[in-house]
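Participant: Structure for the following, please:
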Amino acid sequence: MMKSKLMPPSYFNVCLIIGFLLFLLFPINLGIAKPYNYLGTLLVAFGIVINLWTDKLIKKFETTVKPYKKPSYLITNGPFRISRHPMYLGMASILFGGALIFDSL
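Facilitator: Numbers count the residues shown, from 1 in each chain. Coordinates of the predicted model:
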């Protein structure tokens, strides 16, 4: 019987939900003025684009996205040139961008 393994998107979703709930319960502002907090939208967009780009490359080279499986190919182009784990970079960018948009710690 195989144990269920939690995947990084599960942790991302939990962090997103917890962050939003903490924003509602304890709205601690960072003090970022109104037009500047919209720069978070760029970070969220960057995170989405880098995740979709990475997913496309993984499917193109027919390798696994699951961290506990052995990959069949080492991808070194695209977003993998700037990050070892571009999907993690994308998820972190989305979380940080959301914090900026809501001006919340």
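Participant: for this protein, which helix is longest?
Facilitator: Using DSSP state H to define each element, the chain has its longest helix at helix 39-60.
Participant: So which residues make contact with the next helix or strand after that one?
Facilitator: Next helix or strand after helix 39-60 toward the C-terminus (DSSP states H and E): helix 86-101. With contact meaning Cβ atoms under 8 Å, 6 or more residues apart in numbering, helix 86-101 is reached by 8-9, 12, 15-16, 19-20, 30, 32, 37-51, 53-55, 65, 78-80, 82-83, 105. Yep, even glycine has a C-beta here, placed from its N, CA and C like the rest.
Participant: now do 6 Å
Facilitator: 12, 15, 37, 40, 43-44, 46-47, 50-51, 54, 79, 83 (Cβ atoms under 6 Å, 6 or more residues apart in numbering).
Participant: about what we covered before: distance from the longest helix of the chain to the middle of the chain?
Facilitator: 8 Å (Cα atoms, centre = their mean, to the nearest Å).
Participant: which of the residues in it are buried?
Facilitator: By neighbour count with 16 or more other Cβ atoms under 10 Å, helix 39-60 contains the buried residues Gly40, Leu43, Val44, Gly47, Ile50, Asn51, Trp53, Thr54, Leu57, Ile58.
Participant: returning to what we had before: lowest-confidence entry in the contacts of helix 86-101?
Facilitator: pLDDT across the contacts of helix 86-101 is lowest for Asn37, at 83.
Participant: Need the CA coordinates for the worst-scoring helix or strand of the chain on mean pLDDT. CSV is fine.
Facilitator: In the chain, no helix or strand scores lower on mean pLDDT, DSSP states H and E than helix 34-37, which sits at a mean of 83. This file holds the C-alpha atoms of helix 34-37, laid out as CSV (Å, rounded to 0.1, in the frame of the first residue of the first chain):
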residue,chain,number,x,y,z
LYS,A,34,-2.1,52.6,-2.5
PRO,A,35,-0.7,52.8,-6.0
TYR,A,36,2.5,51.0,-5.0
ASN,A,37,0.8,47.9,-3.6
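Participant: what's it in contact with?
Facilitator: So helix 34-37 is in contact with Leu100, Ile101, Asp103, going by Cβ under 6 Å, 6+ apart.
Participant: Cheers, nothing more for now.
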